[in-house]
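Participant: Curious how this folds, go ahead:
(2 chains)
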2 protein chains.
Amino acid sequence: MGEENKVTLHGMWISPYVNRVQLALKVKGIPFEYVEEDLSNKSTLLLKYNPIHKKVPILVHNGKPVSESFVILEYIDETWKNKSRLFPEDPYERSRVRFWASYIQQVTECMLKVLKGEGQDEALEEFLEKLNVLEDGIKNSSLGIDTNIEGRNMGLLDIMIVVTLGGYKVQEQMFGVKILDPDKTPLLCSWVTSLIELPIVKEYAPPHDKVVSFLHFLKDVGFKTPRN
Amino acid sequence: MGEENKVTLHGMWISPYVNRVQLALKVKGIPFEYVEEDLSNKSTLLLKYNPIHKKVPILVHNGKPVSESFVILEYIDETWKNKSRLFPEDPYERSRVRFWASYIQQVTECMLKVLKGEGQDEALEEFLEKLNVLEDGIKNSSLGIDTNIEGRNMGLLDIMIVVTLGGYKVQEQMFGVKILDPDKTPLLCSWVTSLIELPIVKEYAPPHDKVVSFLHFLKDVGFKTPRN
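Facilitator: This next block holds a predicted model:
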């Protein structure tokens, strides 16, 4: 009975928070049904499942809802333990992944600020600065970011970074600056470019043109970040 | 050899992020050495252990540093599994605790904004509104916040809420408004008041007068939140 492990993801196609969960489910090979939500007209189910924040993503597992992307990612990794793991087993290695996940979360929030056109120049500068710090973090091998994806499955940090920066070409077009500069952030560049070549990532990525036109629309109307 | 499980916490006495970790270590009965950091003159060790954020809290376990309060709390619970658990065992219950922990984190950030005098009225209103939502969350028993501490050890949410709101009398004095109003937020009130009566909490709480004078000082100088 497939029903005893029914997984539904309520999302919104362009949200990086939703895309993280979607990609993680695919990486782990967990079958799920996807429900696109209209955030301008929230469904009864969305309001029922996440009465506190009224936001996506929401994962519903056998009728029980889980909200907030980080909470969902931990939940699916703990619940489907036998599938490819998003987090390492060792508590110290887990702590390092959580540390960098929280850092990439800040990068994502910063990028969304730029997209929303909030304090454009300042936000863009902060975004680029955060990428430099991330580059330093990768360079300092004692800090434990593994950017070599050869011979292993995607982990949490791979998922988060590719969702945030995988569309860097679109972002460069939008922001009018180079984001992934092989001279300034070579390690970050090669990490992201090797990730976007993976079949699982290609398959999930939203179409370039759809993203561009949507981002222009968002910039024009000034959208609300689903901070999740 | 005590040395093989050496735990040091680098902190700053008034930071709620540090206090969470400190109380969690006490609840779990993990012996640790505490090092007070002077944030206006950061030590070489602090910069070495947390080169990315340069902030406290930092937990150093057998020479290996862990930063960010949430990351530390997960780490200590996973590492000392046999001691009183901060998180429930069941993945779904864990997800609910993580959800509310993230909510209380927002309450804390909001409170710090008010203390810093940033957008005073607006921040204060947001802070009080968040407390109302938390009250609704407690009331809705299906959302899983357990505020009854009879016969069990303190868990993560107890620790977080008592650190953020345990000093509510000082905050009421500072903000000039009632924060924990038994008429408006009765369940939250009784949760917090039962927690501050616990010996372990009494023992850890910084002295009232010291807090008041420090908060006035912060308000005057406009302090930087250690967002951690």
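Participant: Let me know the secondary structure of the residue nearest to residue A:57 when sequence neighbours are not counted.
Facilitator: Once flanking residues are discounted, residue A:57 sits nearest to residue A:18: 4.3 Å by Cβ to Cβ, 6 or more residues apart in numbering or on different chains. All C-beta spots, glycine's among them, are computed from the backbone N, C-alpha and C. Following DSSP: H, G, I helix; E, B strand; the rest coil, residue A:18 is assigned to helix.
Participant: residues in contact with residue A:18?
Facilitator: Contact analysis of residue A:18 by Cβ atoms under 8 Å, 6 or more residues apart in numbering or on different chains lists A:9, A:11-12, A:56-57, A:69, A:226.
Participant: can you tell me which of the residues you listed are in helices?
Facilitator: Secondary structure defined by DSSP state H assigns residue A:69 of these to helices.
Participant: which pair in the contacts of residue A:18 spans the largest distance?
Facilitator: Distances among these were taken as Cβ to Cβ; the most separated pair is A:9 and A:226, at 13.9 Å.
Participant: Redo the contacts of residue A:18 as TSV? Include pLDDT.
Facilitator: Below are these laid out as TSV (pLDDT from 0 to 100):
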residue	pLDDT
A:9	98
A:11	96
A:12	93
A:56	96
A:57	97
A:69	97
A:226	42
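Participant: and which of the contacts of residue A:18 is nearest residue B:201?
Facilitator: residue A:69 (32.2 Å).
Participant: Counting by contacts, list what the longest helix seen in chain A packs against.
Facilitator: Looking across chain A with DSSP H, the single longest helix is helix A:91-116. Here helix A:91-116 touches helix A:16-28, helix A:120-139, helix A:156-165, helix A:168-175, helix A:208-221, strand B:64-67, helix B:69-79, going by 3 or more Cβ pairs under 8 Å, 6 or more residues apart in numbering or on different chains; DSSP states H and E.
Participant: By mean pLDDT, show me the worst of the ones you listed.
Facilitator: Out of those, helix A:208-221 stands lowest, with a mean of 75 (criterion: mean pLDDT).
Participant: Distance check, residue A:17 against chain B.
Facilitator: Per Cβ to the nearest Cβ, to the nearest Å, residue A:17 is found 13 Å from chain B.
Participant: what about that residue, neighbour count?
Facilitator: Residue A:17 has 24 neighbours, counted by other Cβ atoms under 10 Å in any protein chain shown.
Participant: what residues does chain A put near chain B?
Facilitator: Residues of chain A lying close to chain B (Cβ under 8 Å from any Cβ of the partner chain) are A:51-52, A:61, A:64, A:66-68, A:70-72, A:74-75, A:78-79, A:91-92, A:94-95, A:98-99, A:102-103, A:133, A:137, A:140, A:143.
Participant: Buried subset of these, written for PyMOL?
Facilitator: Selection of buried members from these for PyMOL, criterion 16 or more other Cβ atoms under 10 Å in any protein chain shown:
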select buried, chain A and resi 51+52+61+66+67+68+70+71+72+74+75+78+79+91+92+94+95+98+99+102+103+137
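Participant: Contact partners for residue A:108?
Facilitator: With Cβ under 8 Å, 6+ apart, residue A:108 has these contacts: A:16-17, A:160, A:163-164.
Participant: for residue A:86, that is, sorry about that
Facilitator: Per Cβ under 8 Å, 6+ apart, neighbours of residue A:86: A:24, A:27-28, A:73, A:76-77, A:155-156, A:159.
Participant: As a markdown table, those residues with neighbour count would be great.
Facilitator: Output for those, formatted as a markdown table (neighbours: other Cβ atoms under 10 Å in any protein chain shown):
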| residue | neighbour count |
| --- | --- |
| A:24 | 24 |
| A:27 | 23 |
| A:28 | 18 |
| A:73 | 23 |
| A:76 | 25 |
| A:77 | 20 |
| A:155 | 20 |
| A:156 | 24 |
| A:159 | 25 |
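Participant: okay, among those residues, which ones form the most distant pair?
Facilitator: Farthest pair in the contacts of residue A:86 (Cβ to Cβ) is A:76 and A:155. Separation: 13.1 Å.
Participant: Let me know the distance separating residue A:106 from residue B:53.
Facilitator: Noted for residue A:106: a distance of 10 Å to residue B:53, by Cβ to Cβ, to the nearest Å.
Participant: do residue A:6 as well
Facilitator: Distance from residue A:6 to residue B:53, counting by Cβ to Cβ: 40 Å.
Participant: Same check on residue A:191?
Facilitator: Per Cβ to Cβ, residue A:191 is found 21 Å from residue B:53.
Participant: who has more neighbours, those two?
Facilitator: residue A:191 (24 against 17).
Participant: pLDDT at residue A:4, what is it?
Facilitator: For residue A:4, pLDDT reads 68.
Participant: Next: residue A:68.
Facilitator: On the pLDDT scale, residue A:68 gets 97.
Participant: what's it in contact with, if anything?
Facilitator: Residues in contact with residue A:68 (Cβ under 8 Å, 6+ apart) are A:53, A:228, B:98-99, B:102.
Participant: Include pLDDT and distance to residue A:32 when you put the residues you listed into JSON lines, please.
Facilitator: Shown next, in JSON lines, are these (pLDDT from 0 to 100; distance: Cβ to Cβ, whole Å):
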{"residue": "A:53", "pLDDT": "93", "distance to residue A:32": "21"}
{"residue": "A:228", "pLDDT": "47", "distance to residue A:32": "18"}
{"residue": "B:98", "pLDDT": "97", "distance to residue A:32": "20"}
{"residue": "B:99", "pLDDT": "97", "distance to residue A:32": "20"}
{"residue": "B:102", "pLDDT": "97", "distance to residue A:32": "23"}
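Participant: could these go into JSON lines alongside distance to residue B:176?
Facilitator: Listed next are these as JSON lines, based on distance: Cβ to Cβ, whole Å:
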{"residue": "A:53", "distance to residue B:176": "30"}
{"residue": "A:228", "distance to residue B:176": "33"}
{"residue": "B:98", "distance to residue B:176": "34"}
{"residue": "B:99", "distance to residue B:176": "32"}
{"residue": "B:102", "distance to residue B:176": "29"}
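Participant: Nearest to residue B:41 among the residues you listed?
Facilitator: Lowest distance from residue B:41 to the contacts of residue A:68 (Cβ to Cβ) belongs to residue B:102, with 32.4 Å.
Participant: Go ahead and confirm the closest one touches residue A:72.
Facilitator: No. With contact defined as Cβ atoms under 8 Å, residue B:102 does not reach residue A:72; the gap is 11.5 Å.
Participant: Quick check: of the contacts of residue A:18, which lies closest to residue A:173?
Facilitator: Taking Cβ to Cβ as the measure, residue A:173 lies nearest residue A:12 of these, at 21.9 Å.
Participant: Show the contacting residues for the closest one.
Facilitator: Applying Cβ under 8 Å, 6+ apart, the residues near residue A:12 are A:18, A:36-37, A:39, A:56, A:226.
Participant: tell me the two of those that are most distant?
Facilitator: Largest separation among those by Cβ to Cβ: A:36 and A:226, giving 13.4 Å.
Participant: Between those two, point out the one with more neighbours.
Facilitator: Just comparing residue A:36 and residue A:226: by other Cβ under 10 Å the higher neighbour count belongs to residue A:226, 21 against 12.
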